[in-house]
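*Asks:* starting from these lines, generate the structure:
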Amino acid sequence: MSNSEFPTPLKGDNHSIFVRPSSSKLVIFFAAINMKENQFNFWQLGREIDENVIFVNDPSNQWYLNGIPSLGASLDQTILCLKKWINHLDVKEVYTVGTSMGGHAAIHYGIELGANILSFPAEIILGEPYSRSIQNLEQDIVKKDFLLEKISNFDRTIHMIIGESTPKDLINAGYIRDFENVKVYSLLGTDHFVPSVISRSSKLYTLLMNFVSTGMVQKELFSNLGNFNLYDDELFADLAEAYQNFGSANFEKAIFYAKRILTRFPAFESALYIIGDSYLRKEEYQLATNYLASAAIVAPNNADYLFKYSHAIRMLGDKNTSLHILDILIQKFPNYAKAYYARGNMQVEEGNELKALESFKLAFLLNNKNEKFKGKYLDLNRKVNN
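*Replies:* As a prediction, the model looks like this:
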């Protein structure tokens, strides 16, 4: 079959299609925010699935509300184009997968296509305070809760996997937790980048293959399942207040609402972290240390908790312990750029500029878009080599 017989070219700036003639299934992977043209999430693992596969992205960061440019000039045109592909390939079952912005699209487009849906952390209501969508959506797009009605009327199960380290993801999942057709799985010590965390444990491929095979999530894959199904309306209300007050730098109120959560759920990691980080920003370092240490104990594999704990210890004047924690952090998370930068600053204070230069270099190599990392490395490099 020639490419001219397909509904669209197999490859465009915003899509890439792999046709498997013997397959009756189609898997569509929706990319997350800030992906450039011809960049797609799940690219490596997705191509290993022996089914028809379409990778798509939306580099305009408009939550796919304007469609997918190389497949359609609008949302409706893009949905129609995807339906043409479904008919052309004689597909019997469609699967949509995405995370973050792509998770929202996996739900939205999946409902329109009658798909089996697997969404990692996703905004259910767009344009809320301190959300990713409000920072990127066009000015004429205000708070959007249209997805709630679509989900409630959908006749298939929507699976969502989130981390308990990111309050906003918990809040969004909370909007749909009581829907009979929604199953939410939360993972302890896991941040917004859930697929990456699962991938590091070598379980993402098994998860995706099982989902495409059965339409289900194999929760037995996870040893760090959280307590999402135990949380109640009061917790989500307090979490929203704590999160929004923290975002607006009203730290006293953030602490108040987060502490209310701890009276009922003493090991709730997001509340421990919000309190610890609030005290850190208020320069109450001993209190910050206490709560951040608790967060790190509850979720030892969360790099942010350890990093902030190290910083609080440093501000108390215990630089040796702070540096030791950074070394542990780097061993566990060798790609965590901020740890190298912080270590470099401490090495400068100790007068060890050569070691500091190496630390700044590693921070810059891991995140070369960070102007602070870049400036510190280049400045010290000039000083050392002149």
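
*Asks:* mind listing the strands for the stretch 101-250 of the chain?
*Replies:* Ranges of strands in the stretch 101-250 of the chain, per DSSP state E, counting those that start in this stretch, are 116-119, 158-163, 182-187.

*Asks:* given the shortest one, what are its sheet partners and their directions?
*Replies:* When sheet partners are counted by DSSP bridges, strand 116-119 sits next to strand 93-98 (parallel), strand 158-163 (parallel).

*Asks:* which of the ones you listed sits closest to residue 372?
*Replies:* Minimum separation from residue 372 across those (C-beta to C-beta) falls at strand 158-163, 26.2 Å. Placement of C-beta: from N, CA and C, glycine included.

*Asks:* that closest one relative to strand 182-187, how many degrees between them?
*Replies:* Inter-element angle recorded for strand 158-163 and strand 182-187: 20 degrees (by axes from the mean of the first three to the mean of the last three C-alpha atoms, to 10 degrees).

*Asks:* picking that back up, among the strands of the stretch 101-250 of the chain, which is the most enclosed?
*Replies:* Among these, ranked by average contacts under mean count of other C-beta atoms under 10 Å, first place goes to strand 116-119 (a mean of 26).

*Asks:* residues touching that one, excluding its own?
*Replies:* Identification of contacts with strand 116-119 by C-beta atoms under 8 Å, 6 or more residues apart in numbering yields 93-99, 103-104, 106-107, 110-111, 156-161, 208, 211, 215, 217.

*Asks:* stretch 192-209 now?
*Replies:* Against stretch 192-209 from outside (C-beta under 8 Å, 6+ apart): 41-42, 45-46, 48-49, 97, 99-100, 118, 120-121, 161-163, 165-166, 168-169, 187, 190-191, 217-218, 221-222.

*Asks:* how about stretch 293-300?
*Replies:* 164-165, 188-190, 267, 269, 272-273, 276, 302, 305-306, 309.

*Asks:* okay, those in TSV with neighbour count and pLDDT next?
*Replies:* Formatted as TSV, these follow (neighbours: other C-beta atoms under 10 Å; pLDDT from 0 to 100):
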residue	neighbour count	pLDDT
164	25	96
165	29	96
188	20	94
189	20	92
190	26	94
267	14	94
269	24	96
272	27	98
273	27	98
276	26	98
302	23	91
305	28	96
306	24	95
309	27	97
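
*Asks:* which among the contacts of strand 116-119 count as buried?
*Replies:* 93-99, 103-104, 106-107, 110-111, 158-161, 208, 211, 215, 217 (16 or more other C-beta atoms under 10 Å).

*Asks:* look up the closest residue to residue 106, ignoring the ones flanking it.
*Replies:* Of all residues not flanking residue 106 in the chain, residue 98 sits nearest, at 3.5 Å (C-beta to C-beta, 6 or more residues apart in numbering).

*Asks:* contacts only, for that neighbour.
*Replies:* Shown in contact with residue 98 (C-beta under 8 Å, 6+ apart): 29, 30, 31, 32, 41, 104, 105, 106, 119, 120, 122.

*Asks:* burial of the closest residue to the first one other than its chain neighbours, as a residue count?
*Replies:* In space, and not counting its chain neighbours, residue 29 is closest to residue 42: 4.5 Å by C-beta to C-beta, 6+ apart. The number of residues packed around residue 42, counting by other C-beta atoms under 10 Å, is 23.

*Asks:* and residue 232, by the same measure?
*Replies:* Neighbours of residue 232 using other C-beta under 10 Å come to 12.

*Asks:* what's the spacing between the helix-or-strand element of the chain with minimal mean pLDDT and its chain's center?
*Replies:* In the chain, no helix or strand scores lower on mean pLDDT, DSSP states H and E than helix 132-136, which sits at a mean of 89. Taking C-alpha atoms, centre = their mean, to the nearest Å, the mean C-alpha location of helix 132-136 is offset from the chain mean by 14 Å.

*Asks:* what are the contacting residues of it?
*Replies:* By C-beta under 8 Å, 6+ apart, helix 132-136 touches 33, 61, 62, 63, 100, 101, 104, 123, 126, 127, 128.

*Asks:* does the first one touch residue 101 like I think?
*Replies:* To tie it back to what came earlier, the one meant is residue 33. Yes: with contact defined as C-beta atoms under 8 Å, residue 33 counts as touching residue 101 (4.4 Å).

*Asks:* neighbour count: the two, which is higher?
*Replies:* residue 101 (27 against 18).

*Asks:* thinking again about what came up before, what comes up buried for the least confident helix or strand of the chain?
*Replies:* Per 16+ other C-beta under 10 Å, helix 132-136 contains these buried residues: 132, 133, 136.

*Asks:* among those residues, which one lies nearest to residue 16?
*Replies:* residue 136 (23.2 Å).

*Asks:* quick one: low-confidence residue ranges for the chain.
*Replies:* Scanning the chain for pLDDT under 70 picks out the ranges 1-4, 139-143.

*Asks:* common neighbours of residue 33 and residue 101, please.
*Replies:* Residues touching both residue 33 and residue 101 (C-beta under 8 Å, 6+ apart) are 61, 132.

*Asks:* can you list the residues that contact the helix or strand hosting residue 310?
*Replies:* Assigned by DSSP states H and E, residue 310 belongs to helix 303-315. Contact with helix 303-315 is made by 165, 191, 269, 273, 276-277, 280, 283, 285, 288-289, 292-293, 295-296, 299-300, 321-322, 325-326, 328-329, 332-333, 336, 338-339, 342, 346, as judged by C-beta under 8 Å, 6+ apart.

*Asks:* same check, this time on stretch 320-336
*Replies:* Against stretch 320-336 from outside (C-beta under 8 Å, 6+ apart): 301, 303, 306-307, 309-311, 313-314, 339-340, 342-343, 346, 366.

*Asks:* can you check stretch 31-43 too?
*Replies:* Identification of contacts with stretch 31-43 by C-beta under 8 Å, 6+ apart yields 13-14, 16, 29-30, 46, 55-59, 61, 97-103, 132, 136, 195, 208.

*Asks:* thank you, goodbye.
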